[in-house]
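Peer 1: here are the coordinates; sequence isn't available:
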């Protein structure tokens with residue numbers, strides 16, 4: 001996979017985009033007054049997206065691919081931001097990423113729990129739940145969540161919350177029952193973080209109680225094709 005090249009001024013309006021996004025989120029009516037964290041997703045772009053996000057004072061950067069994180073190692077290390085791994089994670093990639101990733105957001109199976117406990121004791125994680133039941137999506141089934149949570153806790157991982165992805169290609173309103181279900185699970189298990197919502201459906205996610213949204217397009221524009 002090759003990263004996209006960009007002109008030097010491509011992200012010059014990022015501070016304004018970030019401010020507009022924060023203002024939009026503040027105006028959304030939600031169940032409580034908690035802040036909503038924005039994870040700036042730099043997937044598909046090179047290190048300059050990370051640098052632009054850092055300059056705009058983004059405090060959380062989201063990456064989907066191990067190869068991209070490694071290629072942006074220096075920029076991510078300099079950023080001072082929390083690096084969230086938000087893509088499907090192969091257990092054999094954990095070892096390469098432990099010094100860069102702050103939050104593992106897509107933990108969905110026992111083997112990954114065990115590898116994280118081995119390579120990054122006490123790591124901060126979210127458990128990913130597949131609430132749309134789409135086979136192409138990662139995430140544990142809801143009925144397996146309790147067992148996975150117990151396993152992660154028993155092995156010393158810090159389970160802050162849960163994460164899910166809304167229905168593929170659907171109207172944002174179609175995500176509402178999915179996001180409401182995740183919020184109920186977060187509350188049921190007395191967790192703090194509810195990570196859901198991207199550019200297209202973040203308003204619904206915030207209305208349903210998201211504490212964290214993962215946003216790429218609204219900040220950086222359309223993602224260039226992978227090559």
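Peer 2: Looks like it came in fine. These numbers were taken from a predicted model, which means no experiment stands behind them.
Peer 1: tell me the contacts of the residue nearest the centre of the chain?
Peer 2: In the chain, the residue lying closest to the centroid (C-alpha atoms, centre = their mean) is residue 86, at 4.3 Å. For residue 86, the contact set (C-beta atoms under 8 Å, 6 or more residues apart in numbering) comprises 39, 41, 62, 63, 64, 105, 106, 163, 214. For the C-beta atoms, the positions are set from N, CA and C on the backbone; glycine is no exception.
Peer 1: Run through the helices of this protein in chain order.
Peer 2: Here the chain has its helices, by DSSP state H, at 14-27, 47-55, 66-71, 73-79, 94-97, 110-119, 145-154, 176-188, 202-207, 217-220.
Peer 1: Reformat the ones you listed as a markdown table; add distance to residue 125.
Peer 2: Converted to a markdown table, the helices of the chain look like this (distance: least, C-beta to C-beta, whole Å):
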| stretch | distance to residue 125 |
| --- | --- |
| helix 14-27 | 24 |
| helix 47-55 | 22 |
| helix 66-71 | 16 |
| helix 73-79 | 19 |
| helix 94-97 | 11 |
| helix 110-119 | 7 |
| helix 145-154 | 6 |
| helix 176-188 | 14 |
| helix 202-207 | 20 |
| helix 217-220 | 24 |
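Peer 1: which residues of this structure score low on pLDDT?
Peer 2: Residue ranges of the chain with pLDDT under 70: 1-9, 225-227.
Peer 1: repeat that with 90
Peer 2: 1-12, 30-35, 46, 133-137, 168-171, 221-227 (pLDDT under 90).
Peer 1: so how far is residue 70 from residue 98?
Peer 2: The spacing between residue 98 and residue 70, counted by C-beta to C-beta, to the nearest Å, is 12 Å.
Peer 1: what number of residues lie near residue 98?
Peer 2: 14 (other C-beta atoms under 10 Å).
Peer 1: Quick check: closest non-adjacent residue to it.
Peer 2: residue 120 (4.6 Å; C-beta to C-beta, 6 or more residues apart in numbering).
Peer 1: ok, that neighbour to residue 104 distance?
Peer 2: From residue 120 to residue 104 the distance is 8 Å (C-beta to C-beta).
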